[in-house]
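>>> Need coordinates for the following:
(chains A and B)
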Number of protein chains: 2
Amino acid sequence: MSEELVGNLLVAQSGGPTPVINASLAGVISEALKHEENIEEIYGGLNGIQGILREELIDLASESQQTVRGLKTTPGAALGTCRYKIKKEADYDRILDVFAAHNIRYFLYIGGNDSQDTAAKIHERAVAKGYELRVIGVPKTIDNDLPITDHCPGYGSVVKHICTTVREMSCDNAAMGQHDFVSILEVMGRNAGWLAAGSVLAKRKNNPEDAPHIVLLPEAPFNRQAFLDQVQRVLSKQKHCFVVTSEGVTDENGNFLGADESSKDAFGHAVLGGAGEALRGIVESGLPGVKARSAKLGIAQRAASHSGSATDVDEAFKAGAQAVKAAVEGKSGQMVVFVREDKDQYSIKYDLAPLGEIANAVKTFPANWIGEDKMSIGFQFAKYAQPLIQGENTLPYENGLPKYAQLSAIRIERKLGAYDAK
Amino acid sequence: MSEELVGNLLVAQSGGPTPVINASLAGVISEALKHEENIEEIYGGLNGIQGILREELIDLASESQQTVRGLKTTPGAALGTCRYKIKKEADYDRILDVFAAHNIRYFLYIGGNDSQDTAAKIHERAVAKGYELRVIGVPKTIDNDLPITDHCPGYGSVVKHICTTVREMSCDNAAMGQHDFVSILEVMGRNAGWLAAGSVLAKRKNNPEDAPHIVLLPEAPFNRQAFLDQVQRVLSKQKHCFVVTSEGVTDENGNFLGADESSKDAFGHAVLGGAGEALRGIVESGLPGVKARSAKLGIAQRAASHSGSATDVDEAFKAGAQAVKAAVEGKSGQMVVFVREDKDQYSIKYDLAPLGEIANAVKTFPANWIGEDKMSIGFQFAKYAQPLIQGENTLPYENGLPKYAQLSAIRIERKLGAYDAK
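Next comes the predicted model:
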């Protein structure tokens, strides 16, 4: 591939939003502007690959600098995302047609496993067809479950918000005069328990009795009796017990503890309550006299830019910038990964890994970091995760509330006919 | 009553914690230190009236200035609270015995309706017994349902956090490519809908289509069909519909939409799911093809000091200080209230109202501020509430997380025998 490739850049976002997916977008835009010898126009694709199939492109170079700066701390996904799975070969042909029509030579895809699988296949098809294109993936997932990379942009911010919440709820719990109170917080994580595990950073050093007292992960099957015994042990020493649970915790037969979002009862009604509410029921029926309450942050946790990690924002921004640099240098079919350097002070360097190796792998929480009781997290984890939540975001406020950036989203004129992408 | 009364001051906290109940405590301590001619010692009662009955007092004057400053933005209730209801006359005798034993002449009680009822009765008993005592209440409740006062300390902070959450979740919802998505946020408010109503401040000016699109209050009985029709109307124009519901919404027969926290099924198991989850079920069963998700902030909302209102903190602090001033000036049997001044710029002055008039009254959300559709809030409300969420808290952070104040809590030696207060 020639380093002298000249053409337009297209960036898109995919999968569930994170507090920093827009920081990566800002990194891409900012870096792309520095390479005018290679990059002529900077386009954004709306709603990931689905919008690209529909030729829904916008002009990102015309956004104000204020907007691009604001993206660094704006939740959601400014370009819109999708969960579209490419099903037919014709989709790939269409994508390359759209790229050719708009002279797209640099394609950056910010997303998780599935999205990098799509990116990998676009790269392969371009090579097979002899269409000169550089495809670089930018990692993104609050679940922290991408392989190879030390951690994923988005994870640190959500952990920071969860820990802030645990610490605050724990102040409230401690204030109540009553004993025998169980507070349950349900956090995201259907297959991997990284987020629930992250809650242990809420404990202050030298205070092992701080919340959370019990942490439940999808990686450790739930045992009702062992759980109730552990709750009782905590309540014998302290007046409240704080439980953090992943939404995806299952029993020993692999059944979700909380009803699946999509499950229905015999009458077609949605079954209610997640893992947190299920645990509340288990505590109140299993331990008479004990009162429990649950909270479920839901989508709020992955959108909480107002209490995100400045380290995470910075790394996400740089991941976007590194992706552009790699593409301009001639790389393709790769994703940006973080490599932790072997230094006393936390530092990472940015490297690349083949998209194919990222695509269909999941990094679950390491078994040797889960306590023997299957309900606690080893101290090695804190060493790993602590640096990821450092630094506070500074947001612009207006009239008492955070002012989030919004793209002007000026459309690029279509050059092709309509295409059915559903 | 003499203005020359000299003795010790006792302050206690009661009921559910708020993000600013400790700011009022800081205001009491700071102001009390300025009146050494009247106030000799500054004591705190642990766990409200229950701890006072048990003679559990601590020395607040010995707390560091750093701790007292930290209290302004620390959630929970640093002294501990209680929900103890005084049941027998002997309790009042005991309270006055404890006061006499420690020469308590100034008693400040930070709490809501029930707590001010207790304060009123202590005042009456002291008068009847000829024990010279000045009792002043400091208002506190996120529910904003105390009469007479323009608003209550705690309300503005929780509204600010709810609005921040609505705005952030809405960014996330807007990012998803899918249409027909309903996002539901359940907030506190069992009898009064002030908090749910407060969520409308999340709408930006000139953007009536911003979230929340539907607001459900306990004051407006829920009608399933009207709700589903309204959801459909929103979804016909926008790809997502955002619903904020009070936990205490009821149907037309007065039954809670969400299972009561304490309800059990026929087998003694706790019934799961709150109003938010109930609405999710109603949407998904009533509107096939529409997907819904709910989040429930639970205790997290009333503990979210990290995104509280600086105006609220300031007013709560001053309410505590005003209470001390009033007591030193010879007032008793009164609560501090906020009076909004008739000025172009928002400003309040601090006044007093008889405890007896506060005690057993509830200020529900005004009927004329509820929209005709019973699911929206009139613009007059925004004018009322907007000033309450202004200004951002600045918290000390340590190792990536908010550092909250903790009292040294040095105990005052008991002078009386044990007392059974359960």
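>>> Only C-alpha atoms from now on, for both contacts and neighbour counts.
Fine.
>>> how about the residues of the stretch 101-250 of chain A near chain B?
Contact residues, the stretch 101-250 of chain A versus chain B (Cα under 8 Å from any Cα of the partner chain): A:160, A:163-165, A:168-178, A:202.
>>> Among the residues you listed, which are located in helices?
Judged by DSSP state H, those include A:Lys160, A:Cys163, A:Thr164, A:Thr165, A:Glu168, A:Met169, A:Ser170, A:Cys171, A:Asp172, A:Asn173, A:Ala174, A:Ala175 as members of helices.
>>> what's the residue nearest to A:Ala310 when sequence neighbours are not counted in contact with, if anything?
Leaving aside its sequence neighbours, A:Ala310 sits nearest to A:Gly391 (Cα to Cα, 6 or more residues apart in numbering or on different chains; 4.6 Å). Residues in contact with A:Gly391 (Cα atoms under 8 Å, 6 or more residues apart in numbering or on different chains) are A:Ser309, A:Ala310, A:Thr311, B:Gly400.
>>> hey, what's the first one bridged with?
Read that as A:Ser309. Bridge pairing for A:Ser309 (DSSP bridges) gives the partners A:Glu392.
>>> Tell me what the nearest residue to A:Leu57 once chain neighbours are set aside is bridged to.
Excluding the flanking residues, the one nearest A:Leu57 by Cα to Cα, 6+ apart is A:Gly45, at 4.7 Å. Beta-bridge pairing for A:Gly45 (DSSP bridges): A:Ala12, A:Leu57.
>>> Now do the contacts for the closest residue to A:Gln334 other than its chain neighbours.
Nearest non-adjacent residue to A:Gln334, counting by Cα to Cα, 6+ apart: A:Pro354, 4.3 Å away. Contacts were defined as Cα under 8 Å, 6+ apart; by that measure A:Pro354 touches A:Gly333, A:Gln334, A:Met335.
>>> Just the pLDDT for A:Pro354.
Note for A:Pro354: predicted pLDDT of 97.
>>> before we move on, what about A:Asp251?
If you check A:Asp251, the pLDDT there is 90.
>>> for the stretch 51-200 of chain A, what spans make up the strands?
If DSSP state E, counting those that start in this stretch is used as the criterion, the strands of the stretch 51-200 of chain A fall at A:57-59, A:104-111, A:134-139, A:181-187.
>>> hey, which of those is tucked in deepest?
strand A:134-139 (a mean of 31; mean count of other Cα atoms under 10 Å in any protein chain shown).
>>> what angle do that one and strand A:104-111 make?
Orientation check (axes from the mean of the first three to the mean of the last three Cα atoms, to 10 degrees): strand A:134-139 against strand A:104-111 gives 20 degrees.
>>> Okay, now the sheet partners of strand A:134-139, with direction.
strand A:104-111 (parallel), strand A:334-340 (parallel).
>>> Mind putting those strands into JSON lines with distance to A:Gly137 and mean pLDDT?
Formatted as JSON lines, the strands paired with strand A:134-139 follow (distance: least, Cα to Cα, whole Å; pLDDT from 0 to 100):
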{"stretch": "strand A:104-111", "distance to A:Gly137": "5", "mean pLDDT": "98"}
{"stretch": "strand A:334-340", "distance to A:Gly137": "4", "mean pLDDT": "98"}
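>>> Next, format these as TSV and append distance to B:Ser14.
Shown next, in TSV, are those (distance: least, Cα to Cα, whole Å):
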stretch	distance to B:Ser14
strand A:104-111	48
strand A:334-340	49
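>>> To A:Glu36, which of those strands lies closest?
The closest of those to A:Glu36 is strand A:104-111. By Cα to Cα, the value is 12.8 Å.
>>> what sits up against that closest one?
The contact list for strand A:104-111 (Cα under 8 Å, 6+ apart) reads A:5-15, A:21, A:24-25, A:99, A:115-116, A:119, A:132-141, A:323-324, A:327.
>>> same question, stretch A:203-212
Residues outside stretch A:203-212 that contact it (Cα under 8 Å, 6+ apart): A:Val166, A:Arg167, A:Ser170, A:Ser199, A:Val200, A:Ala202, A:Cys241, A:Phe242, A:Val243, A:Val244.
>>> can you put these in TSV and add distance to A:Ala90?
As requested, the contacts of stretch A:203-212 are arranged in TSV below (distance: Cα to Cα, whole Å):
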residue	distance to A:Ala90
A:Val166	48
A:Arg167	51
A:Ser170	54
A:Ser199	45
A:Val200	47
A:Ala202	49
A:Cys241	55
A:Phe242	52
A:Val243	49
A:Val244	45
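>>> Okay, A:Glu284 and chain B: tell me how far apart.
Going from A:Glu284 to chain B by Cα to the nearest Cα, to the nearest Å gives 6 Å.
>>> how about the CA coordinates for the helix or strand encompassing that residue, as PDB?
Under the criterion DSSP states H and E, the helix or strand holding A:Glu284 is helix A:275-286. Only the C-alpha atoms of helix A:275-286 are listed here, as PDB (Å, rounded to 0.1, in the frame of the first residue of the first chain):
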ATOM      1  CA  ALA A 275     -30.900  -9.400  38.800                       C
ATOM      2  CA  GLY A 276     -31.100  -6.800  41.600                       C
ATOM      3  CA  GLU A 277     -34.800  -7.200  42.200                       C
ATOM      4  CA  ALA A 278     -34.400 -11.000  42.100                       C
ATOM      5  CA  LEU A 279     -31.700 -10.700  44.800                       C
ATOM      6  CA  ARG A 280     -34.000  -8.500  46.900                       C
ATOM      7  CA  GLY A 281     -36.600 -11.200  46.700                       C
ATOM      8  CA  ILE A 282     -34.000 -13.900  47.700                       C
ATOM      9  CA  VAL A 283     -32.800 -11.800  50.700                       C
ATOM     10  CA  GLU A 284     -36.300 -10.900  52.000                       C
ATOM     11  CA  SER A 285     -37.700 -14.400  51.600                       C
ATOM     12  CA  GLY A 286     -34.500 -16.200  52.800                       C
END
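>>> Report the distance from that helix to the chain centre.
Per Cα atoms, centre = their mean, to the nearest Å, the displacement of helix A:275-286 from the mean C-alpha position of its chain is 28 Å.
>>> Which secondary structure elements does the following helix or strand past it sit against?
Per DSSP H and E, the first helix or strand lying C-terminal to helix A:275-286 is strand A:291-296. Counting by 3 or more Cα pairs under 8 Å, 6 or more residues apart in numbering or on different chains; DSSP states H and E, the packing neighbours recorded for strand A:291-296 are strand A:181-187, helix A:275-286, strand B:291-296.
>>> hmm, back to that, can the strands of the stretch 51-200 of chain A go into a markdown table with extra columns for distance to A:Lys318?
Output for these, formatted as a markdown table (distance: least, Cα to Cα, whole Å):
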| stretch | distance to A:Lys318 |
| --- | --- |
| strand A:57-59 | 21 |
| strand A:104-111 | 13 |
| strand A:134-139 | 10 |
| strand A:181-187 | 27 |
